[in-house]
Each structure stands twice: as C-alpha cells, then as structure tokens.
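no FASTA, just this:
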C-alpha cells in the first residue's frame with residue numbers, strides 16, 4: 001500500500017493527489033447526472049462573447065460537436081430568435097462527419113438575434129437503427145416491437161388530439177403480425193417525422209449562453225464608396241465649392257455605379273496654426289486649411305462650414321443623393337482645432353502642459369499644431385462621451401446613416417462599443433466604417449466592438465502571394481464572422497508607390513482587384529479617375545498639391561479618365577450576386593508568379609478574375625481552375641465572358657491560358673457561362 005494512505009476524508013468529498021502529490025480539485029457535480037450529451041465547439045462564435053455579424057437575407061450556418069457516451073443516437077437542434085421575440089424557432093441539425101453537426105437559418109430583419117444548440121439522446125432513433133440491425137441478423141423481434149411501441153406512446157400524451165397518429169402507429173406495432181409487416185411500420189418515414197416533431201427530449205443539454213448575432217442592412221455587406229472634397233467641386237480652384245455643386249456631380253457619380261458618397265469633415269475649420277498648401281506650417285491669404293482641423297468661430301462638430309452652404313443645403317444634398325440610390329457618409333473625427341468652441345467651454349476635455357497650455361496632437365516626430373486631441377481620461381469623461389453621442393444623433397437626424405470614423409484606434413475601445421450600441425438603439429441601420437490603418441489585433445477588436453466595416457491593408461498588398469494570404473485570412477478564417485473588409489486602392493492619405501510608378505495599368509488592376517476581391521470597396525474619386533500619381537516628395541505617400549490643404553479643380557471630361565472603368569466594375573458588381581459577398585472567395589493556381597486568379601460564386605452565378613500584377617510588362621500564364629467550385633466538369637466546354645471588354649472565350653477543362661497586357665487591359669473579369677447540351681447549341685451560345 002502507498003505510504004500516503006487511503007485517499008478519503010470523513011465528512012468531505014475525496015480529493016485525490018496528482019502524480020506530483022498536489023491535490024486535484026474534485027469534479028463538479030452535475031445538476032442532473034442523466035444529461036449525457038456533450039455539446040462543444042459551437043460555430044460561428046466570436047471570442048469574448050462578441051456578436052457574429054450578418055446582413056439581412058444571409059444565412060447563419062451553425063456547426064457543433066455533439067456526442068454522447070456509448071452507442072446511442074443523438075438528436076440536435078438549433079434554437080434561434082430575434083432579440084425581442086418571446087418564442088424560439090427551431091431547425092433540426094444533421095450530422096456531418098466525426099460527431100460534427102450542422103443546421104442553417106436565415107436572418108430577415110435588422111438588429112439583434114441569438115441562437116443556441118440543444119441536443120439529447122434520441123432513444124427512438126436508437127431503437128429504429130438497432131431494429132434494422134437485429135432484423136438483418138435474423139433475431140427475434142417481438143420484444144423490440146413492444147419497446148418501440150412504448151417509446152412512441154411516450155411521445156403521445158393521452159389527451160392530445162395531435163397524438164392520434166402516433167398512438168395508431170404504436171397500436172399497429174403491438175398487434176401481432178409478421179416481422180416484415182411490422183418492420184415496414186417501424187421504418188415508415190411519416191412515423192419518423194412525427195417523432196422528430198413530437199418525440200421526447202428528456203435530459204437535453206444546451207450549449208450555454210446563446211450566441212448573439214447582429215444583423216445589418218444589406219449595405220453593410222455590399223457597398224461602393226466614392227470620396228470627394230465638396231470644396232473642390234466648384235468651377236475652378238479659386239472658387240470654394242458648395243453642397244449645391246456636389247448635387248451637380250451626383251448624376252456622374254450615380255452613372256459610375258457608386259452608392260455611397262463619402263464627404264471628409266464639412267465643419268468650420270480652425271484658423272490658429274492652419275496648414276498651408278502641401279502641409280506647410282505657414283499660410284498665405286486664401287489658404288483654406290485642413291478639414292480635419294475641426295472648429296472655428298462659426299461652430300464645431302455640429303456646425304457646417306459656411307462656404308459649403310447651410311443645414312438646409314446639406315439636407316437637399318442628402319435627399320438628392322437618396323433619389324439616385326446614393327447615401328451620404330459623413331466623416332466623424334473626434335478632434336478639435338484651437339478655435340473649436342469646446343476649447344473655451346470645456347477646457348477640462350483636453351490635456352494641458354505644465355504651463356497651462358493645451359497639448360496639441362503629436363505622433364513623434366510628427367506634430368499637428370492645428371489639432372487638439374480629446375483627453376479621454378479626464379474627470380468629465382462621461383460628459384465628453386455624451387456630447388459625442390449628441391453630435392452623432394444630430395447628424396442622424398439630418399439624414400446621415402453612414403459614418404466613416406477617423407482614426408478610431410486612437411480613442412478608447414469602450415467609447416466605441418457604447419456609442420455604436422446607443423446609435424443602434426435609435427436606428428439599427430446606421431453603419432460605421434473604421435479608418436484604422438493600425439495593428440491587426442486593434443483593427444479586429446474595433447470590428448468586434450461593433451464597427452460595420454473596416455479599411456484594410458489592401459493598398460499595400462500588391463503581389464499575388466500577398467493578396468492570396470491576406471484575403472484568405474479575411475474571408476476563410478473566423479475573422480469573417482465579424483470583420484467586413486472595405487478595400488480602397490487610394491485615400492487622401494495614401495498614394496502607394498505602386499500607383500506612383502505603375503502607370504495607367506497599375507490604376508486599372510488595383511481598381512479591378514478592390515472591386516472584385518471585396519464586396520465593399522471605395523476610391524478617393526477625382527485623383528483616382530485622373531490617375532494622380534505625383535507624391536509630395538520622394539518616399540512619401542502624400543499627394544502633391546493634396547486636397548487636404550487646398551482647393552482643386554477637376555476636368556471630368558478628360559478623355560483618359562478612368563470613370564468608364566469604374567462604371568464597368570460597379571455594373572459587374574450590381575449584375576452579379578457573386579461579387580456582392582466575400583464568403584465564397586477561392587484562389588486558383590497560376591504558374592506565373594505575377595498573375596493572380598480567384599473566383600466568387602453565388603448559386604448559379606460564378607465570376608473568375610485573372611489579373612496581371614506587373615504594371616510594366618505583358619504576362620502570360622496557365623491558370624488551373626477548381627472546376628468543382630465553379631459547377632463545371634472536365635469534359636464540357638464553357639464560355640468565359642469578360643465583363644470589362646465584352647470579349648468571349650471558349651474554355652474547356654481545368655487548365656487554360658491567359659495573356660494580360662497592362663497597356664491594354666491587365667485584368668479579366670470573367671462571367672462563367674456553363675456549356676449547353678449540344679455542340680451546335682454551344683456554337684450559337686458563343
């Protein structure tokens with residue numbers, strides 16, 4: 001016997017020592033030891049209890065590991081409901097492999113939903129399965145039929161009218177008859193369905209706290225953004241543009257197929273430390289400053305720059321945009337110029353230097369003397385939060401349902417979680433885009449907290465390997481449950497080296513990649529249409545003569561404008577459901593490392609994109625398609641219809657060749673048209 005003696009304590013639960021002598025805590029006592037089913041690894045879910053995201057009309061495919069001891073069969077369901085519903089709906093789960101089960105349900109309304117998995121030992125299914133095995137083994141089945149009848153009767157309460165069919169099945173099983181006849185009764189699919197609906201679920205297990213699902217309107221999933229500076233919509237660079245001038249641009253923006261018009265801050269601009277052209281620290285008469293230096297004598301975040309127009313003019317812009325299927329998105333930048341009314345009214349909301357002056361924004365070694373950041377650790381942080389909410393709700397009342405949030409990663413996470421939740425209480429359809437070019441974990445945290453969409457690293461992912469790795473991460477991992485990417489090839493802050501030196505071909509391929517890799521994409525419009533590519537200085541990603549610091553005038557009738565391309569891309573997106581979601585993105589193998597190929601599918605709709613990422617030279621490559629993913633077969637031809645050039649190609653099999661010239665068109669956006677039944681029909685089809 002061990003020298004340690006018996007492992008028992010009188011009057012207490014035994015605590016056995018581990019191999020190293022330290023006590024092992026006792027196992028928890030089950031609330032009901034008859035609950036034998038285990039439910040694990042429920043998906044989708046987001047760590048930390050954050051919500052899974054969907055848009056109206058999408059499905060939630062639930063999976064879980066469901067199993068029990070021994071060899072009994074189990075039954076499992078997904079219970080789901082809207083957040084304010086009193087009752088639950090149910091969907092029966094079906095087994096996949098290795099004790100993995102699945103079921104799906106659709107979400108048809110905005111707002112909160114939730115689901116949970118419930119499972120139990122299914123004694124009727126166990127009996128039915130074993131009965132077949134006993135019959136095949138030529139065993140005596142008399143007792144088995146009586147056991148089955150008892151199980152059916154247990155599911156049929158005596159006074160329930162709906163139980164009559166079940167009682168009839170039980171009676172027929174109890175009535176002496178040849179085994180073959182009673183086997184037919186036992187295997188009746190109508191009986192099985194009755195039992196699935198009414199069978200007892202004794203000692204059920206539940207997956208725990210329901211998984212929350214936040215359901216957005218469709219524009220959260222699928223949107224095309226166009227950014228412009230309203231002050232640059234006037235007739236020339238000497239005339240400050242107005243909201244009325246922006247209205248004059250709406251038809252051309254709608255013709256290009258954009259459905260979100262994003263405006264940088266439209267508020268009064270500070271005068272102290274105003275930045276001059278090309279971000280100089282000195283100004284001359286006529287310099288208009290940066291719109292992100294918010295606030296002046298005319299007002300702050302709730303006011304409109306007087307040169308743009310009035311509140312009524314802004315309302316007219318919102319209405320005129322909506323009539324064209326366009327929504328106005330407004331910039332939400334939580335910072336102030338030294339002239340902002342908050343500086344005088346609420347100095348406690350800002351950090352102060354030892355000499356009593358307010359600390360301006362810095363990102364060493366950069367200094368932003370024209371901006372004061374809020375101090376979110378100030379004593380009156382609740383007052384600051386409430387004021388930010390007031391501003392957001394005010395603009396919502398003025399017709400804004402989309403906010404592009406400037407640098408959200410430099411403000412507290414708790415603020416965003418609270419603010420977005422409060423906005424959703426008033427309107428669950430309000431959307432928030434996070435402009436957070438920062439560390440991946442920070443970007444993902446913001447998405448989990450409630451941001452609808454997020455900017456991505458797409459601008460700097462230029463090669464096929466980079467694109468494949470990054471977008472696989474965004475669309476084929478658990479990140480897809482909460483992080484919705486929005487791909488932009490350029491912004492007022494980002495003119496990549498690829499665009500600086502790649503020529504027209506670089507602009508074309510980057511637009512096509514953004515518009516087809518992501519269901520949501522955007523362009524900083526006029527500079528992209530005009531292929532602006534001169535940096536402020538070598539090595540910089542800032543534009544020369546940036547609109548952030550001066551008014552520009554744009555010739556929208558230029559013959560080399562990329563607006564027809566942008567229109568063709570958005571038309572392809574609008575006509576093909578495959579491009580309106582990201583969940584079916586699949587990459588296909590290319591032999592040439594400069595060429596990338598991928599596809600998206602939605603039902604019978606399939607799109608294949610092949611792009612040359614070398615903007616300087618024609619590249620040829622075999623592409624090897626996964627035919628099964630596209631609904632194609634090896635032995636039948638199919639048509640590849642290029643939606644940008646209207647060319648049609650006849651392909652067959654998994655391997656075909658593409659040649660892509662950046663001087664012509666460096667990308668194919670193919671719509672796959674499957675083969676017809678006969679060769680004659682196919683030739684006509686071509």
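Thanks, I have it. Predicted, not measured: the structure shown is a model, and the values here were computed from it. Numbering: from 1, shown residues only.

Mind jotting down where the strands sit in the stretch 201-350 of the chain?
205-206, 211-216, 223-227, 260-263, 327-332, 335-336 (DSSP state E, counting those that start in this stretch).

Which residues outside the second one are in contact with it?
In other words, strand 211-216. 42, 44-45, 49-56, 58, 60, 107, 109-116, 428-429, 431, 450, 452 (CB atoms under 8 Å, 6 or more residues apart in numbering). All C-beta spots, glycine's among them, are computed from the backbone N, C-alpha and C.

List the buried residues in stretch 435-444.
Buried residues in stretch 435-444, defined by neighbour count with 16 or more other CB atoms under 10 Å: 435-437, 443-444.

hang on, residue 377 in a helix?
No - if the criterion is DSSP: H, G, I helix; E, B strand; the rest coil, then residue 377 is coil and not within a helix.

For residue 591, see how far away it is.
Per CB to CB, to the nearest Å, residue 377 is found 56 Å from residue 591.

more neighbours, the two?
Between residue 377 and residue 591, residue 591 has the larger neighbour count (other CB atoms under 10 Å), namely 12 against 8.

before we move on, the earlier item: quick check: the two most widely separated of the buried residues of stretch 435-444?
Maximum pairwise distance in the buried residues of stretch 435-444, criterion CB to CB, is 15.0 Å, between 435 and 444.

Just list the residues touching the nearest residue to residue 581 once chain neighbours are set aside, thanks.
With CB to CB, 6 or more residues apart in numbering as the criterion, residue 581 has its nearest non-adjacent residue at 5.2 Å, and that residue is residue 519. Shown in contact with residue 519 (CB under 8 Å, 6+ apart): 221-223, 484, 579-582.

Would you list the buried entries among the residues you listed?
Here, 16+ other CB under 10 Å leaves 221-223, 484, 579-582 buried among the contacts of residue 519.

Count residues in the vicinity of residue 316, would you?
Neighbours of residue 316 (other CB under 10 Å): 16.

Could you do residue 471 as well?
Counted with other CB under 10 Å, residue 471 comes out at 23.

wait, what's in contact with it?
Contacts of residue 471 (CB under 8 Å, 6+ apart): 461, 485, 517, 585, 587, 598.

Please name the nearest non-neighbouring residue to the third one.
When you say that, I think you mean residue 517. Leaving out its chain neighbours, the residue that sits closest to residue 517 by CB to CB, 6+ apart is residue 471, at 5.5 Å.

Also the last one?
Take residue 598 and drop its neighbours on the chain: the residue closest to it by CB to CB, 6+ apart is residue 587, 4.6 Å away.

How is that neighbour classified with respect to secondary structure?
Per three-state DSSP, residue 587 ends up strand.

thought it was touching residue 470?
No - if you go by CB atoms under 8 Å, residue 587 and residue 470 don't touch, sitting 11.0 Å apart.

Please read off the pLDDT at the residue nearest to residue 517 from the model.
We have a pLDDT of 98 for residue 471.

could you say which helix or strand contains it?
Residue 471 is part of helix 464-475 when elements are defined by DSSP states H and E.

Packing partners of the helix or strand following that helix?
Following helix 464-475 in sequence order, the next helix or strand is strand 485-487 (DSSP H and E). Helices and strands touching strand 485-487, by 3 or more CB pairs under 8 Å, 6 or more residues apart in numbering; DSSP states H and E, are strand 453-455, helix 464-475, helix 503-517, strand 520-524.

Surely residue 282 and residue 275 touch.
No - the pair residue 282 / residue 275 is not scored as a contact, 9.1 Å apart, by CB under 8 Å.

If you count surrounding residues, which of these two has more?
Between residue 282 and residue 275, counting by other CB under 10 Å, residue 275 is the more crowded of the two (25 against 8).

Over to the more buried one: give its phi and psi.
Here is the backbone geometry of residue 275 (degrees, to the nearest 10): phi -80, psi 140.

In contact with it, which residues are there?
281, 283, 287, 289-290, 293, 370, 549.

Which pLDDT value belongs to residue 30?
Predicted confidence (pLDDT) for residue 30: 61.

hang on, the earlier thing: out of the helices and strands packed on strand 485-487, nearest to residue 146?
helix 464-475 (54.6 Å).

what residues are up against the residue positioned nearest the centre of the chain?
Central residue of the chain (CA atoms, centre = their mean): residue 484, 2.6 Å from the mean position. Neighbouring residues of residue 484 by CB under 8 Å, 6+ apart: 53, 220-221, 447, 452-454, 519-520, 582.

Mind putting these into TSV with pLDDT and distance to residue 243?
Output for those, formatted as TSV (pLDDT from 0 to 100; distance: CB to CB, whole Å):
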residue	pLDDT	distance to residue 243
53	98	33
220	98	26
221	98	29
447	98	32
452	98	25
453	98	25
454	98	28
519	98	29
520	98	25
582	98	34
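
which of those residues sit farthest apart?
Within the contacts of residue 484, two members stand farthest from each other by CB to CB: 447 and 519, at 15.0 Å.

what about the strands in the stretch 1-150 of the chain?
37-43, 52-55, 59-68, 74-82, 89-92, 94-95, 100-106, 111-121.

And those: which comes nearest residue 241?
strand 52-55 (34.1 Å).
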